[in-house]
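[1] model the following, please.
(chains A and B)
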Amino acid sequence: EAGVTQFPSHSVIEKGQTVTLRCDPISGHDNLYWYRRVMGKEIKFLLHFVKESKQDESGMPNNRFLAERTGGTYSTLKVQPAELEDSGVYFCASSQRKMNTEAFFGQGTRLTVV
Amino acid sequence: AQTVTQSQPEMSVQEAETVTLSCTYDTSESDYYLFWYKQPPSRQMILVIRQEAYKQQNATENRFSVNFQKAAKSFSLKISDSQLGDAAMYFCAYRSRNFGNEKLTFGTGTRLTIIP
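    Numbers count the residues shown, from 1 in each chain, chains lettered A, B, ... in the order given. Next comes the predicted model:
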């Protein structure tokens, strides 16, 4: 069974440009989460999808970030326009929609804004 | 809001020795989960061990065990017989048991180096 897959693994963009990150969760996992780790700091929650609906988007830093999960399968996280402070590693995780379940993580996308 | 603190940015241990990674947390909830995740270099994060707060018995997974002190809000990870493959970033994490509030709250991580 394929794990959580994230594309691209690395991205370097200039300030002001747009970048779209993609996450393919494990098949059948209704929960999908986005997290971000800024260098040397904790991994912070961004948002949580249940199928195609946003269950919790309290961690989204500002309106330059847009997450979608059309059809309840893969998800995209778009940053437009990117700022220097958006640099970090973006993680996606998925899990089944039930209690006491484990979240599986992707390898992350390392975003560098220059 | 919950917080998780890992006070050891880096740790090192001799191969085959034992090392303990510290984690403290703060919450007003009485029931929750605690986790240790491991992220090897350039690889995905994987779950090492999980503890349910209502269980008094400390969780154990082979060479990995935890010391869960609920009153002190402490959750340390002990790795016995350290192996080269244990080298990684280790993250402590908290999750509420409330259905619908399933996000993980992480600490800043501890980078573990294994000395051959």
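[2] can you give me the distance of B:E61 to chain A?
    Taking C-beta to the nearest C-beta, to the nearest Å as the measure, B:E61 falls 13 Å from chain A. (C-beta placed from N, C-alpha, C; glycine too.)
[3] what sits against that residue?
    Listed by C-beta atoms under 8 Å, 6 or more residues apart in numbering or on different chains, the contact set of B:E61 reads B:48-49.
[4] nearest residue to B:T108 in space, please, no chain neighbours.
    A:E42 (4.6 Å; C-beta to C-beta, 6 or more residues apart in numbering or on different chains).
[5] and for B:C23?
    B:C92 (3.5 Å).
[6] kindly report the same for B:Q44.
    Of all residues beyond its chain neighbours, the one nearest B:Q44 is A:Q107 (4.4 Å), with distances taken as C-beta to C-beta, 6+ apart.
[7] can you show me the strands along chain A?
    Counting by DSSP state E, chain A has these strands, from start to end: A:5-7, A:10-13, A:19-24, A:31-37, A:43-50, A:53-56, A:65-68, A:75-79, A:88-95, A:104-105, A:109-113.
[8] so which bits of chain A are right by chain B?
    Within reach of chain B by C-beta under 8 Å from any C-beta of the partner chain, chain A has these residues: A:3-4, A:31, A:33, A:35, A:40-45, A:48, A:55-56, A:59, A:91, A:93, A:95, A:99-100, A:102-103, A:105-108.
[9] filter those down to the buried ones, ChimeraX style.
    Per 16 or more other C-beta atoms under 10 Å in any protein chain shown, the buried members of the residues of chain A next to chain B correspond to this ChimeraX selection:
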select /A:4,31,33,35,42,43,44,45,48,55,56,59,91,93,95,103,105,106,107,108
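[10] picking up where we left off before, ok, what's across the strand from the residue nearest to B:C23?
    B:W36 (DSSP bridges).
[11] so which residue is dead centre in the chain?
    Looking at chain A here, since you left the chain open. A:W34 (3.4 Å; C-alpha atoms, centre = their mean).
[12] I was thinking of chain B, sorry if that wasn't clear
    B:W36 (3.0 Å).
[13] ok, it - contacts?
    In this structure, B:W36 makes contact with B:21, B:23, B:47-50, B:64, B:66, B:75, B:77, B:90-93, judged by C-beta under 8 Å, 6+ apart.
[14] check what pLDDT it gets.
    Note for B:W36: predicted pLDDT of 98.
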